[in-house]
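**Q** Build the 3D model from these lines:
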Amino acid sequence: MPTPSTRQEFKSSFDSWPRESLATREDPLGPGSSWDIREIETFQILRKPPKRRLPLLLGPYIVDATAWIEESEDMQSAIRLSEQNWRNCTHQQLGERAGKFASFFTFLAQVLENPLDSDPRRELRIQHSANSAGPVLSSSPPQPPSRSSLPSSPIQPPNKKIRQARSSESYFPSDQSDQSTYDHRAKSEITTNACVYELLRCVTELLRRQTEPSVYLEWSITHDTFTVDAGALKYSTTNDGGLIHKAHRGGYWQRASKYSYCSIESKSWYDVDEKPTSVQAQEAAHLIGMFSQGAPRSNPQHETILPLVSTAQNIFSLVLGRFPADYARYLQDGYQCEDGVFVEIEECGMFELQEPSDLRSIFTIIVALHLWLQSIGPKV
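**A** Here you go, the predicted model:
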């Protein structure tokens with residue numbers, strides 16, 4: 001069952017509500033990585049279908065972001081390279097041609113890499129054909145993996161026999177050869193995470209001005225763990241990196257605050273046409289964890305909006321969580337008005353990193369996101 005998108009849909013989907021709310025739920029909470037539909041009910045999450053239109057929140061920053069991208073030769077060069085057959089380049093060649101985005105393209109090539117064929121003779125023929133062509137950049141590259149192409153894409157896990165946990169990644173394959181193929185195509189979260197981290201870092205570092213900002217934000221691949229006290233319950237969730245405040249401290253350039261301005265959530269693979277409910281729930285767990293950082297200091301008169309960069313293989317999305325002013329009270333003791341208090345989640349995506357037009361949109365999102373978060377100022 002997908003995450004409900006409206007209050008009416010939520011109450012129709014969970015006809016026992018509010019029996020499983022924070023005020024009454026007694027069963028302990030698992031870690032954020034194990035969340036599923038039941039936690040969506042408990043924490044009262046609404047989620048709209050993903051849209052490719054940039055979020056209104058970033059509207060005031062889109063003009064400046066677009067101008068910045070147009071004036072940046074490094075970003076323009078990266079977009080031009082994405083229009084060519086860059087996947088036929090070695091790491092050394094990418095280092096020469098991709099400039100400051102060399103690390104991003106190197107990791108993206110690994111994310112998109114096809115698995116070795118099970119027939120070694122066929123694999124040798126493919127290698128011979130590729131080697132005879134040579135590493136030539138052309139303006140018409142072969143079609144990369146896409147949501148609308150690849151008859152075998154998106155790759156689906158082998159048929160499940162036994163499910164040990166709620167996590168969508170827990171299954172026993174019915175056939176070992178099926179498992180081998182899936183493991184090759186479903187790249188590890190480490191590869192996906194490294195790819196998006198380098199993209200975020202490269203774009204952000206191109207935005208530096210000579211004047212020192214009030215809060216200096218840098219992307220970190222170090223994981224943050226949020227521990228959330230929710231009424232009588234408690235859970236922890238760990239992100240895959242984030243945007244953090246850095247400063248000179250103790251004679252070193254290092255983290256100046258525990259606050260995460262934006263978290264990263266990376267997955268190895270899922271159906272890119274529709275996120276599994278478990279993935280939606282895990283993203284909600286991260287956003288609530290971020291909200292809990294500042295819940296005691298939240299302005300009781302205004303909602304709080306928090307961003308999450310969500311990636312899976314070559315798919316990029318910006319997820320925003322909108323927390324009403326009284327959600328901090330709900331987290332504290334489960335109290336809410338008769339109509340309930342709900343978190344609303346929206347998603348801008350799902351963009352393909354290797355598509356030139358999508359890459360330009362992703363650049364725009366990253367720049368506008370940074371300008372917005374920079375304007376918020378320091379957080380304790």
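**Q** which residues of this structure fall in helices?
**A** Listed in chain order, the helices of the chain (DSSP state H) span 7-13, 37-42, 59-71, 73-82, 91-97, 102-112, 120-133, 176-185, 189-205, 277-294, 327-333, 356-376.
**Q** Can you lay out the ones you listed as JSON lines showing mean pLDDT?
**A** Formatted as JSON lines, the helices of the chain follow (pLDDT from 0 to 100):
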{"stretch": "helix 7-13", "mean pLDDT": "95"}
{"stretch": "helix 37-42", "mean pLDDT": "96"}
{"stretch": "helix 59-71", "mean pLDDT": "96"}
{"stretch": "helix 73-82", "mean pLDDT": "97"}
{"stretch": "helix 91-97", "mean pLDDT": "95"}
{"stretch": "helix 102-112", "mean pLDDT": "95"}
{"stretch": "helix 120-133", "mean pLDDT": "57"}
{"stretch": "helix 176-185", "mean pLDDT": "44"}
{"stretch": "helix 189-205", "mean pLDDT": "95"}
{"stretch": "helix 277-294", "mean pLDDT": "94"}
{"stretch": "helix 327-333", "mean pLDDT": "93"}
{"stretch": "helix 356-376", "mean pLDDT": "96"}
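**Q** closest one to D339 among those?
**A** Distance to D339, taken as C-beta to C-beta, is lowest for helix 7-13 among those, at 7.2 Å. For every residue, glycine as well, the C-beta is placed using N, CA and C.
**Q** in the closest one, what's buried?
**A** F10 (16 or more other C-beta atoms under 10 Å).
**Q** tell me which strands and helices it is in contact with?
**A** Helix 7-13 makes packing contacts with no helix or strand when contacts are defined by 3 or more C-beta pairs under 8 Å, 6 or more residues apart in numbering; DSSP states H and E.
**Q** gap between that helix and the chain center?
**A** Put simply, helix 7-13 sits 27 Å off its chain's centre (C-alpha atoms, centre = their mean, to the nearest Å).
**Q** what does it contact?
**A** For helix 7-13, the external contacting residues (C-beta atoms under 8 Å, 6 or more residues apart in numbering) are 1, 4, 17, 44, 46, 339-340, 342.
**Q** Tell me which of the helices of the chain is the most buried.
**A** helix 277-294 (a mean of 24; mean count of other C-beta atoms under 10 Å).
**Q** are any of the contacts of helix 7-13 buried, and which?
**A** The buried subset of those (16+ other C-beta under 10 Å) comprises 4, 44, 46, 342.
**Q** who touches the third one in this structure?
**A** Under the criterion of C-beta under 8 Å, 6+ apart, the contact list for L46 reads 3-7, 10, 342-345.
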